[in-house]
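1. Whatever this is, show me its structure:
(2 chains)
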Amino acid sequence: MRASFVFSEVATGLRRNVTMTIAMILTTAISLTMLGGGLLIMQTVDLTKDRYLDDIEVSIFLTDDVSANDENCTEQPCADLRRSLEENPEVETVVFQSREEAYESFQRIFEQQPELVELARPEALPASLRVRLVDPERADVITNEYEGEAGIHQIQDQGVFLERLIDGLNSFRNITLVGSVALLAAALLLIANMVQISAFTRRTEVGIMRLVGATRWYTQLPFLLEAVVAGVTGALLAVASLVGVQLFVVDGVLAEIRDAGIIAIPSLLYTVLIVAPVLLLSAVVISAVTGYVTLRMYVRH
Amino acid sequence: MIRLEDVSKVYKTSTRPALSEVSVEVDKGEFVFVIGPSGSGKSTFLRLLLREETPTRGKIFISDVDVAKMPRRKVPRLRQTIGCVFQDFRLLSNKTVFENVAFALEVIGKPAHTIRKVVPEVLELVGLDGKSDRMPNELSGGEQQRVAIARAFVNRPLMLLADEPTGNLDPETSQDIMLLLERINRTGTTVLMATHDHSIVDSMRRRVVELEFGKVIRDDARGVYGVGH
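-> Predicted coordinates for the structure are as follows:
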């Protein structure tokens, strides 16, 4: 196999159908960018879940009566409640937070907004039992078991907020993935079209090649490689735009959200080491398979 | 060299067979004209030898290999032993004379140093030395056909198939092309030429196989085109 011959054929072919090639590269690039975006969002979801799940608590807020009179959770019904929780196999730890401690923590959380701190009175804040679960996603077990018991004002599962955040991210991911699949279908058809046009414009060459006894590899490899080169170019553009988005949008516009730790955004390294190879491999496989099938179906050998 | 045994070819779209029970044997080094009017089966005959078609019935042997039964992956190897020339030259218009001839070697994977050595030799053989950098459209019809012959012969095939090679040329140029084919034949290459050019067949006095409606109606060792045509 003479590599130089095959590559010059590939270059000629790509140049000859330049509009088609560009259309195919762009479609591939956009679809793979969306696919990569989807993958990044999936990773975001995983990272964000990991980060929050460690810290997630179920807060059992106690009634006003208990909050005002039982500062150390030594009286009934608080003491019983705490013992029952500590003995529950689903529970990892239980920490009592008194009204005073709640007020201190409130002051800490809102120190940036002094007017809010000003307005708040310790009496407005309930004491609570902070329950950490063995499996943070099974908060409903606790809620169902203790809801309505004496001394309990309200049970709040922080996981519900996380779920809402994750649901949002997931629907965003689904949109990008569906979009990328639709565009991949378009890219696929463009590849098939490109290979057909390429084979048609070079039918004289291919005819001569077959007559003088060139093997299938020689006659078909240039077309396959054309498709693969265009596909890989598209994938490289997709990787470049994902890296660009990461550098300029995430590190710029979204930097505050990320630094505040609201969502955990995957690192650039993840894009380059995990997402980029996936995109490149998809491009190679899709373009090669489509090219091969097209040649089998439409080009007589 | 070539042996056809009761070969018939029926195309799916046609009721009448393109070839009907054709049996022909050609020895190594022979020069054979295949003549007959349009549609008599000349082209089908050549296409079967190239394994562009497979016969509906019968056997085709080339160097004792049954071509019809040959697996597809072996077809390229068969074609490397057969050179082809056509009425319409089939040159690549964007390549020079040299590149056109070199192309036939490149696509079968011959190394560059072989190509650099062999292509000028064959161009000299066909009388085109000094024209290797010309483009096909800068050449006369006769010269273009010489390029095509050079391309067909550059890999030293055992057999040369020529389908109406003089069909687009004036009588004088045709005569030159025939001299060239004769010279190639003298190197030991079997030449099969399909034509309906009376004067060429008559002047060469070579073996003539005549087809009509897909049947061999004449096979003369030293034939002429024939009376009544």
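
2. Now do the same contact list for A:Leu53.
-> By Cβ atoms under 8 Å, 6 or more residues apart in numbering or on different chains, the residues touching A:Leu53 are A:Pro136, A:Glu137, A:Leu162. For glycine as for every other residue, the C-beta is placed from the backbone atoms N, C-alpha and C.

3. one more time with 7 Å
-> A:Pro136 (Cβ atoms under 7 Å, 6 or more residues apart in numbering or on different chains).

4. Check what pLDDT the residue of the stretch 201-301 of chain A found nearest chain B gets.
-> Nearest residue of the stretch 201-301 of chain A to chain B, counting by Cβ to the nearest Cβ: A:Gly213, 3.4 Å away. Looking at A:Gly213, its pLDDT is 91.

5. could you pull out the helices for chain B?
-> Here chain B has its helices, by DSSP state H, at B:42-49, B:75-79, B:97-106, B:112-125, B:141-153, B:171-186, B:198-204.

6. Ignoring the adjacent residues along the chain, who's closest to A:Val95?
-> With Cβ to Cβ, 6 or more residues apart in numbering or on different chains as the criterion, A:Val95 has its nearest non-adjacent residue at 4.5 Å, and that residue is A:Arg130.

7. which secondary structure elements does the strand or helix carrying the one you found contact?
-> Using DSSP states H and E, A:Arg130 sits within strand A:128-133. On a contact count with 3 or more Cβ pairs under 7 Å, 6 or more residues apart in numbering or on different chains; DSSP states H and E, strand A:128-133 meets strand A:58-62, helix A:78-87, strand A:91-97, helix A:139-146.

8. Need the mean per-residue confidence for the helix ranked longest in chain A.
-> When chain A is parsed with DSSP H, its longest helix is helix A:159-201. Mean pLDDT, computed over helix A:159-201, is 85.

9. again with stretch B:1-12
-> 92.

10. Name the residues of chain A found near chain B, please.
-> Within chain A, the positions lying close to chain B (Cβ under 7 Å from any Cβ of the partner chain) are A:1-2, A:5, A:204-205, A:208-209, A:211-215, A:218.

11. If any of the residues you listed are buried, put those into a PyMOL selection.
-> To isolate in PyMOL the members of the residues of chain A next to chain B that are buried, counting by 16 or more other Cβ atoms under 10 Å in any protein chain shown, one can use:
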select buried, chain A and resi 2+5+205+208+209+211+212+213+214+215+218
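
12. Give me the below-cutoff pLDDT ranges for chain B.
-> Applying pLDDT under 70 to chain B flags the ranges B:227-229.

13. Can you name the residues of it that neighbour chain A?
-> Going by Cβ under 7 Å from any Cβ, the residues of chain B near chain A are B:76-77, B:79-80, B:84, B:90, B:92, B:103-104, B:106-109, B:155.

14. any weak-confidence spans in the stretch 1-150 of chain A?
-> A:1.

15. which residue does it bring closest to chain B?
-> When scored by Cβ to the nearest Cβ, the stretch 1-150 of chain A has A:Phe5 as its residue closest to chain B, at 4.7 Å.

16. and that residue, what does it touch?
-> A:Phe5 makes contact with B:Glu106, according to Cβ under 7 Å, 6+ apart.

17. Let's see that with 10 Å instead.
-> A:Phe5 makes contact with A:Tyr218, A:Leu221, A:Pro222, B:Ala102, B:Phe103, B:Leu105, B:Glu106, B:Val107, B:Gly109, B:Ala112, according to Cβ atoms under 10 Å, 6 or more residues apart in numbering or on different chains.

18. Am I right that the first one falls within a strand?
-> No - using DSSP: H, G, I helix; E, B strand; the rest coil, the secondary structure at A:Tyr218 is helix, not a strand.

19. Verify the stated contact: it with A:Leu224.
-> No - A:Tyr218 lies out of contact with A:Leu224 (Cβ atoms under 10 Å); the separation is 11.4 Å.

20. Centroid-nearest residue for chain A?
-> A:Ile41 (1.6 Å; Cα atoms, centre = their mean).

21. tell me the angle the helix or strand harbouring that residue makes with helix A:159-201.
-> A:Ile41 is located in helix A:18-55, with elements delineated by DSSP H and E. For helix A:18-55 against helix A:159-201, the angle between stretch directions is 160 degrees (axes from the mean of the first three to the mean of the last three Cα atoms, to 10 degrees).

22. what angle do helix A:18-55 and strand A:128-133 make?
-> In terms of direction (the same axes, to 10 degrees), helix A:18-55 departs from strand A:128-133 by 120 degrees.

23. Which residue would you name as the spatial centre of chain B?
-> Note: chain B centre (Cα atoms, centre = their mean) maps to B:Leu161, 1.4 Å.

24. Please name the residues that touch the residue nearest to A:Ile166 when sequence neighbours are not counted.
-> Spatially, and ignoring its direct neighbours in sequence, A:Ile166 is nearest to A:Val45 (5.6 Å; Cβ to Cβ, 6+ apart). Listed by Cβ under 10 Å, 6+ apart, the contact set of A:Val45 reads A:Leu165, A:Ile166, A:Asp167, A:Gly168, A:Leu169, A:Asn170, A:Phe172, A:Arg173, A:Ile263, A:Ala264.

25. ok now do residue 135, which residues does it touch?
-> No chain specified, so I'll use chain A. Contact partners of A:Asp135, counting by Cβ under 10 Å, 6+ apart, are A:Leu53, A:Glu90, A:Glu92, A:Val141.

26. looking at chain B here, not the other one
-> B:Leu91, B:Leu92, B:Ser93, B:Asn94, B:Lys95, B:Thr96, B:Val97, B:Glu99, B:Asn100.

27. Can you give me the distance of the fourth one to B:Asp197?
-> Distance of B:Asn94 to B:Asp197, computed by Cβ to Cβ, to the nearest Å: 31 Å.

28. can you check the last one too?
-> Here B:Asn100 is placed at a distance of 25 Å from B:Asp197 (Cβ to Cβ).

29. So for the two, which residue has more residues nearby?
-> Taking other Cβ atoms under 10 Å in any protein chain shown, B:Asn100 and B:Asp197 do not tie; B:Asn100 has more neighbours (26 against 20).

30. check contacts around that one.
-> Here B:Asn100 is in contact with A:208, B:89-94, B:119, B:132, B:135-136, B:144, B:147-148, B:150-151, B:154 (Cβ under 10 Å, 6+ apart).

31. how near is it to B:Ile115?
-> 12 Å.

32. do the same with A:Ile191
-> Distance of A:Ile191 to B:Ile115, given as Cβ to Cβ: 33 Å.

33. Compare those two and say which one has the larger neighbour count.
-> More neighbours surround A:Ile191 than the other of A:Ile191 and B:Ile115, with 29 against 20 (other Cβ under 10 Å).
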